[in-house]
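S.K.: everything below, folded, please.
(one chain, ligands or ions: 1)
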Amino acid sequence: MLDLETLWQYIRDTFKQDFSPITFKTWIETAHPVHFTDNTLVVEVASPLHRDYWKQSIIPEISAKLSEMLATTITIVAITPDEQDPLEKTPEKTSVQVSSPALPRKNSPLNDKYTFESFVVGKGNQLAHAAALAVAEEPGLFYNPLFFYGGVGLGKTHLMHAIGHQMLQNNPNARVKYVTSESFANDFINSIKSKRQEEFRQEYRNVDLLLVDDIQFFSDKVGTQEEFFHTFNALYDEKKQIVLSSDRLPNEIPKLQQRLVSRFKWGLSVDITPPDLETRIAILRNKAEAELLSVPDDTLSYIAGQIDSNIRELEGALMRVQAYAKMTKQPVTTSLAAEALQSLNGQKAKKELSIALIQDKVAKYYHVSVADLKGKKRVKTIVVPRQIAMYLARELTDASLPKIGNEFGGKDHTTVIHAHEKIAEALTQDDELKKEVGKLRESLSS
Ligand SMILES: Nc1ncnc2c1ncn2[C@@H]1O[C@H](COP(=O)(O)OP(=O)(O)OP(=O)(O)O)[C@@H](O)[C@H]1O
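M.R.: Alright, predicted model coming up:
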């Protein structure tokens, strides 16, 4: 049976790919599903302007897509917050639906697409995948907490949802809660404002599995960290499974309390690194199959060769090729893919010269962390890579000196000038350094 949450998630997923990010953000992200009864979906939109646009443009698109995919007609009605929900027959219902706004999200639903079945295992994520599966099968037993870390768009969220799905499949009564760290923080703050802290605690502590995504956003949030510390302890003591994700290791998250850092290390921390070409091709093939697209193998290889770090971008590229083929009414071929991705490559080239990328490459090359490059440590093993990264940022980007200083943890522009001079000078004398910087330059321009 199709329910409101599943249907809405489906609509969001589909249109996130079909619409441009700005369209998606403006029209879909601002809307909320209200009711789904008798094949009629009521959606609350932000304003009369939104409603009119929905009527004219969004509803016909969604309806067409839904009837194609579900082989049934779904009527969609858009209303503004001031308008009466047409499906609401009794006043009592109002109080059920529009309960106090204090704790708006009870349970962020899991994304149906993010399962173990749809996850392609390769070198970069093998360990993370195995740990995820172990935790899903035996929650609270092996690795508690399980901590995923790694770059953007590499499948951390996907694996977290997969754990949730698997656990529910094994035990449909399991209480699974997935939130981003920001939702956790918002819920916590709202609970204080509305004096519902007890309710908040019940919600977060009476679960069998708590998944908290992107916990790097806890940095700086002192009160939230305090509350999370107690949530963590309560769950841990009850042997309930905790799974966390971040773009870096716990001890690299700025301003994360030491006691949280040490607790996060109690279990297993496992990183996810960018997939190799073979894995990228396999991911694309899976995606093409799931979306019922027919894409020749050499075209999949071509697309996989174009984007080598972020799987979200990789999937986006495939969708772009598909949309381009549809628009120009041509079959998907490698040359068509090359045409479709041309502008993307332009953007990529620009992005390759971003300071963040320079920092990333330099950090990896010298086996230090990006946090160290941005930090204040004065040991030589960090100072030299930091100065090299600043030098390259000055040489290879158009960024101003203050901007570069800012990107290095808020340093003064004179520090950047000093670093640049120092390395420029050293390069005239030190052949080894010259070689290293040459290699870095090369890797940044490839
Ligand atoms: N191994 C994989 N197999 C199939 N799909 C994958 C794999 N890894 C990532 N994806 C897909 O790539 C997209 C991005 O993944 P996800 O959102 O999980 O990344 P993330 O690491 O959580 O990123 P962020 O740091 O931005 O939160 C998703 O659509 C996901 O399904």
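
S.K.: rest of the way, CA atoms for contacts and neighbours
M.R.: OK.

S.K.: quick check: residues of this structure near the ligand?
M.R.: When proximity is defined as Cα under 6 Å from any ligand atom, the chain approaches the ligand at 114, 118-121, 151-158, 247, 283, 311-312.

S.K.: just the buried ones from the residues you listed, in ChimeraX syntax?
M.R.: Burial among the residues of the chain next to the ligand is assessed by 16 or more other Cα atoms under 10 Å; the matching ChimeraX selection reads:
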select :114,118,119,120,121,151,152,153,154,155,156,157,158,247,283,311
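
S.K.: export the host helix or strand of Met327 as CSV, just CAs?
M.R.: For Met327, the host element (DSSP states H and E) is helix 311-328. Listed next in CSV are the C-alpha coordinates belonging to helix 311-328 (Å, rounded to 0.1, in the frame of the first residue of the first chain):
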residue,chain,number,x,y,z
ILE,A,311,29.0,9.6,-6.6
ARG,A,312,26.2,12.1,-6.4
GLU,A,313,27.8,14.0,-9.3
LEU,A,314,28.4,10.8,-11.1
GLU,A,315,24.7,9.9,-11.0
GLY,A,316,23.8,13.5,-11.9
ALA,A,317,26.0,13.2,-15.0
LEU,A,318,24.1,10.1,-16.1
MET,A,319,20.8,11.9,-15.6
ARG,A,320,22.1,14.8,-17.5
VAL,A,321,23.1,12.6,-20.5
GLN,A,322,19.7,11.0,-20.4
ALA,A,323,17.9,14.4,-20.3
TYR,A,324,20.0,15.6,-23.1
ALA,A,325,19.2,12.6,-25.2
LYS,A,326,15.5,13.1,-24.5
MET,A,327,15.7,16.8,-25.4
THR,A,328,17.6,16.3,-28.6
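
S.K.: packing partners for it?
M.R.: helix 4-18, helix 277-290, helix 297-306, helix 334-340 (3 or more Cα pairs under 8 Å, 6 or more residues apart in numbering; DSSP states H and E).

S.K.: worst average pLDDT in those?
M.R.: Mean pLDDT across the helices and strands packed on helix 311-328 is lowest at helix 4-18; the value there is a mean of 84.

S.K.: what residues does the closest residue to Lys255 other than its chain neighbours make contact with?
M.R.: What sits nearest to Lys255 in space, not counting adjacent residues and going by Cα to Cα, 6 or more residues apart in numbering, is Ser219, at 5.1 Å. By Cα atoms under 8 Å, 6 or more residues apart in numbering, the residues touching Ser219 are Ile253, Pro254, Lys255, Leu256.

S.K.: quick one, strands of the protein?
M.R.: 32-37, 40-44, 75-79, 146-150, 176-180, 209-213, 241-246, 268-272 (DSSP state E).

S.K.: lowest average confidence across those strands, which one?
M.R.: strand 32-37 (a mean of 87).

S.K.: that one: how far from the chain's middle?
M.R.: 26 Å (Cα atoms, centre = their mean, to the nearest Å).

S.K.: coming back round to it: from the chain's centroid, how far away is the helix holding Met327?
M.R.: Worked out by Cα atoms, centre = their mean, helix 311-328 lies 19 Å from the chain centre.

S.K.: please renumber the chain so that the first residue is 2 from this point on.
M.R.: Understood, numbering begins at 2; the last thing we discussed is helix 312-329.

S.K.: next, the buried residues of it.
M.R.: Buried, per 16+ other Cα under 10 Å, within helix 312-329: 312, 314-316, 318-326.

S.K.: and those residues, which is closest to the ligand?
M.R.: Ile312 (4.4 Å; Cα to the nearest ligand atom).

S.K.: state the pLDDT value of the closest one.
M.R.: 93.

S.K.: check contacts around it.
M.R.: If you count contacts by Cα under 8 Å, 6+ apart, then Ile312 has Gly154, Leu155, Gly156, Arg281 around it.

S.K.: ok, now Ala420?
M.R.: Gln388, Ile389, Met391, Tyr392.

S.K.: most neighbours among those residues, which one?
M.R.: Of all the contacts of Ala420, Met391 has the most neighbours under the rule other Cα atoms under 10 Å, reaching 29 neighbours.

S.K.: pretty sure that one sits against His419.
M.R.: No - if you go by Cα atoms under 8 Å, Met391 and His419 don't touch, sitting 9.6 Å apart.

S.K.: overlap in contacts of these two?
M.R.: With Cα under 8 Å, 6+ apart as the test, Met391 and His419 reach no residue in common.

S.K.: in this structure, where is pLDDT below threshold?
M.R.: Applying pLDDT under 70 to the chain flags the ranges 2, 23, 72, 88-109, 344-354, 447.

S.K.: change it to 50
M.R.: 90-109, 349-353 (pLDDT under 50).

S.K.: middle-most residue in it, spatially?
M.R.: In the chain, the C-alpha nearest the mean C-alpha coordinate belongs to Gly154, at 5.6 Å (Cα atoms, centre = their mean).

S.K.: neighbours around Pro61, how many?
M.R.: The burial count for Pro61: 14, using other Cα under 10 Å.

S.K.: right, I mislabeled it, should have said Asn174
M.R.: 10.

S.K.: what does Arg176 give?
M.R.: Neighbours around Arg176, by other Cα under 10 Å: 15.

S.K.: so how far is the ligand from it?
M.R.: Arg176 is 21 Å from the ligand, where distance means Cα to the nearest ligand atom, to the nearest Å.

S.K.: right, and that residue touches Leu212 too?
M.R.: No - using Cα under 8 Å, Arg176 is not in contact with Leu212, being 11.2 Å away.

S.K.: can I get the buried residues of helix 312-329 in a markdown table with distance to Val438?
M.R.: Output for the buried residues of helix 312-329, formatted as a markdown table (distance: Cα to Cα, whole Å):
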| residue | distance to Val438 |
| --- | --- |
| Ile312 | 29 |
| Glu314 | 29 |
| Leu315 | 29 |
| Glu316 | 33 |
| Ala318 | 32 |
| Leu319 | 35 |
| Met320 | 37 |
| Arg321 | 36 |
| Val322 | 36 |
| Gln323 | 40 |
| Ala324 | 41 |
| Tyr325 | 40 |
| Ala326 | 42 |
